[in-house]
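Undergrad: Just a sequence and a predicted model for now, questions to come.
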Amino acid sequence: MSTVRGMRARPMAVAVAAMVVGCAGILAPAQPASAAALTVISGAGSTWAYSAIHSWIADVGQAGMTVNYTPNGSTSGRAFFKAGVADWAQSEIPYGVRDGSSFDPPPARGYAYLPDLAGGTAFTYNLHIGGQQVTNLRLSGSVIAGIFTNQITMWNDPLIAADNPGLTLPATPVIPVVRSDGDGSTWQFTQWMLAMQGSSWTAYCAVTGRSPCTATSTYPVQPGTAMVAEAGDAGVAGYVAQAAAEGAIGYTEYAFALQAGFPVAKVLNAAGYYTTPTAGNVGVSLLNAQLNTDQSSPLYLTADLSQVYTDPDPRTYELSSYSYMIVPTDLTNGMTTDKGYTLGQFGSFLLCTGQSQVDVLGYSALPINLVEAGFAQLRRIPGNQVPATDASAIAQCHNPTFSTDGTNTLAATDPMPPACDRQGATQCSTATGGPPNTSIALTASPDPATAGQPVTLTAVEEAADSTHPPGSVQFEVGGTAIGNPVPVSSGGAATTTTTFAAAETESLSAVFTPTDASAFNTSTATLSLTVQPAPPNSGTVPLAVTIPVTGTFTLTVDTTDTVTLPVTGLTATGATTPVVVSDTRNTYPGWSVSGQDSDWTGTGSAAGGTIPGNQLGWTPTGTALAPGVTLGPLVTPGSGSGLGFTPQVLAMVHAGLGNGFGTSTLGADLILAIPPVSPAGPYTSGLNITAVPANP
């Protein structure tokens, strides 16, 4: 049925036939196209990596690629991938690891681990001496382990004092702050402790009753101690940053410490230097990351960080690690070659150009060895069309840590730590609270350019604290310098003008070198500029046309059959009948489709029983979606956003040229959480599907 409500929208509603807890049919999957084509892909998992993933998705969206992502945590992301709910997952923790007595077995579907985002576990702290904030704290690995196993409880402990000869530390209690929820940060931290400070971690396992003693994603809190547990990296950093939290120290991803504006400790590395988790230091460290190549191991192709922990390079940060995309390697669980092609293109982008965006977010760009490992995994995805060899992949890869000829620029440009950061009787007085990282953006005007036309290149650098450190920018084309380095202005800008004689695509870069290399890092930006042929002499005849408004909008829902949901335990699952939206309006105004469930009413032996509609949740699905169509988010049953409370979005499309034009087939995988007190017997409900087309 359809109704008119107001003047700006025409809602169209169709009630799906009653749903019954029992048996259900399965919607047939769409067949892949004969030629590779971009299609919608969906991922789920890590919240730690979400900032970078969100940025990557926005960028590829401008090129017509639709990538959906649900940041529901690494554990849920792995479960979604295993069940086929997600095409790919994001996780800092692989399958097949033991977390105490818990074990997460690998999925039956084929999969591979693709390195995609690096970072360092930082130790942010709140400590004052004589009313002045300490910003140059140094900690060795044994001291860190002692603090987070409650063996070191005062800041003036002789072991901390030995790391800090330049500080007279106060008799202030240490407050270790850990994560209360399961997460990748805790896994990476405890994995390091198990490997490098095994005696301390083993003793702590015994005190807290962990057997077997393994790395863990959920930190055990020892009762009766000063240890505090907070949810999320933001929760840990926020607690430490409180004025009342004097003496607190917590582990977080470096990005969250930067956002909180609090200092992070310099950590002693194998070379005898105290370093921080800058993007460069993490990248240099991960040049020694290895992959587990034992095909009989459940951890095949996961990270082996043992050589990262013991790397003798003075620039390394010991607690460096990286996150994975988990990608499919077969055509099961709804995987198609079109999805594989799209995943290959998305993965190629994030391994190359996408890495230039992550340093400013507090992560670290992947070095060349992990990029090559990433391309090796992309080649295993069915339908991929990525370069067939590492050499051809690197030649097309604009990653800030290496050049397209394979030269490892990161190893050459990341600065060495100052001598005062070497273990010994001296200690740097410089603060570690302000990030030494810089980022740089490069633009060209005009873009695209014309052969023989002057082109102005502009680079703007900025430190992570929003200042513009002094230095210079070297502009390059194809790796060759354009003139001499250009000093930056007080606003961080540098410009140069050049011309290009031939019509071709030029690879441009701008390299910022700070005046004080001990305070700030070098950063690089790249840009691909299209140079068009010079236009011939010509004249233009004015033409005009007015295109009339045409087309219609329709919603079709199959209401002929009842959707019956089979029950397993206290959960019933199934799938809706197809919901078909057709929009042939040439104004492309956009539309949305939503659904809301009524309460379930018991009949027969369940007469008088009811189940609230909010106990029904769904995961929107779609096949052959029109351009610009975005599926709605997962709705969890029984939560505040269950389908019985308010209408929830099944799919939508914003106004825009070409958006929504054509036919889209929608659906949803349904899950009903049955209250334990529900009387046994049959129940029925109605799922109301409503389409709202925008005015032409």
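TA: Structure received. Residues are numbered from 1 along each chain as shown.
Undergrad: Strands of the stretch 451-600 of the chain, start to end?
TA: Secondary structure of the stretch 451-600 of the chain (DSSP state E, counting those that start in this stretch): strands at 455-463, 471-477, 480-481, 486-487, 493-498, 505-514, 523-532, 553-557, 563-565, 567-568, 571-575, 579-583, 591-597, 600-602.
Undergrad: try the stretch 201-350 of the chain
TA: 228-230, 248-253, 266-268, 274-275, 290-291, 303-304, 320-328.
Undergrad: Quick one, which of those strands gets closest to F500.
TA: strand 320-328 (36.6 Å; C-beta to C-beta). Every C-beta, even on glycine, is put in place using the N, C-alpha and C of the backbone.
Undergrad: Which elements pack onto the closest one?
TA: Secondary-structure packing of strand 320-328 (3 or more C-beta pairs under 8 Å, 6 or more residues apart in numbering; DSSP states H and E): helix 74-83, strand 88-91, strand 111-125, helix 279-286, strand 303-304, helix 337-351, helix 368-378.
Undergrad: Least confident of the ones you listed, on average?
TA: Across those, strand 303-304 has the smallest mean pLDDT, namely a mean of 80.
Undergrad: Spatially nearest residue to D311, not counting backbone neighbours?
TA: N288 (4.8 Å; C-beta to C-beta, 6 or more residues apart in numbering).
Undergrad: Do you know the pLDDT at that neighbour?
TA: So, for N288, pLDDT stands at 86.
Undergrad: again, but for N537
TA: Here, the pLDDT recorded for N537 equals 70.
Undergrad: Same check on the one 5 residues further on?
TA: Confidence per residue is given as pLDDT, and for P542 that number is 88.
Undergrad: Then Y300?
TA: For Y300, the model assigns a pLDDT of 68.
Undergrad: And for G642?
TA: 89.
Undergrad: what's the distance between it and L670?
TA: Between G642 and L670 the distance is 12 Å, computed by C-beta to C-beta, to the nearest Å.
Undergrad: do Y113 as well
TA: Y113 is 31 Å from L670, by C-beta to C-beta.
Undergrad: Also L410?
TA: Distance of L410 to L670, computed by C-beta to C-beta: 49 Å.
Undergrad: of all the strands of the stretch 451-600 of the chain, which lies closest to L616?
TA: That would be strand 591-597 among these, by C-beta to C-beta, at 4.5 Å.
Undergrad: just to revisit the earlier point, with distance to A425 and mean neighbour count added, can I get the helices and strands packed on strand 320-328 in JSON lines?
TA: Shown next, in JSON lines, are the helices and strands packed on strand 320-328 (distance: least, C-beta to C-beta, whole Å; neighbours: other C-beta atoms under 10 Å):
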{"stretch": "helix 74-83", "distance to A425": "43", "mean neighbour count": "22"}
{"stretch": "strand 88-91", "distance to A425": "44", "mean neighbour count": "28"}
{"stretch": "strand 111-125", "distance to A425": "23", "mean neighbour count": "26"}
{"stretch": "helix 279-286", "distance to A425": "24", "mean neighbour count": "29"}
{"stretch": "strand 303-304", "distance to A425": "36", "mean neighbour count": "19"}
{"stretch": "helix 337-351", "distance to A425": "44", "mean neighbour count": "23"}
{"stretch": "helix 368-378", "distance to A425": "37", "mean neighbour count": "22"}
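Undergrad: between those, which gets nearest to N150?
TA: strand 111-125 (15.7 Å).
Undergrad: Which secondary structure elements does the closest one sit against?
TA: Using 3+ C-beta pairs under 8 Å, 6+ apart: strand 111-125 touches helix 184-196, helix 232-240, strand 248-253, helix 254-260, helix 279-286, strand 320-328, helix 337-351, helix 368-378.
Undergrad: closest one to P448 among these?
TA: Per C-beta to C-beta, nearest to P448 of the helices and strands packed on strand 111-125: helix 337-351, 20.3 Å.
Undergrad: Could I get the CA-only coordinates of that closest one as PDB?
TA: Extracted C-alpha coordinates of helix 337-351, given in PDB (Å, rounded to 0.1, in the frame of the first residue of the first chain):
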ATOM      1  CA  THR A 337      34.900 -13.000  -8.000                       C
ATOM      2  CA  ASP A 338      33.500  -9.500  -8.200                       C
ATOM      3  CA  LYS A 339      33.900  -9.200  -4.400                       C
ATOM      4  CA  GLY A 340      37.400 -10.600  -4.800                       C
ATOM      5  CA  TYR A 341      38.200  -8.100  -7.500                       C
ATOM      6  CA  THR A 342      36.900  -5.200  -5.300                       C
ATOM      7  CA  LEU A 343      38.800  -6.500  -2.200                       C
ATOM      8  CA  GLY A 344      41.900  -6.600  -4.400                       C
ATOM      9  CA  GLN A 345      41.500  -3.000  -5.400                       C
ATOM     10  CA  PHE A 346      40.700  -1.800  -1.900                       C
ATOM     11  CA  GLY A 347      43.700  -3.700  -0.500                       C
ATOM     12  CA  SER A 348      46.000  -2.300  -3.100                       C
ATOM     13  CA  PHE A 349      44.900   1.200  -2.300                       C
ATOM     14  CA  LEU A 350      45.400   0.900   1.500                       C
ATOM     15  CA  LEU A 351      48.800  -0.800   1.100                       C
END
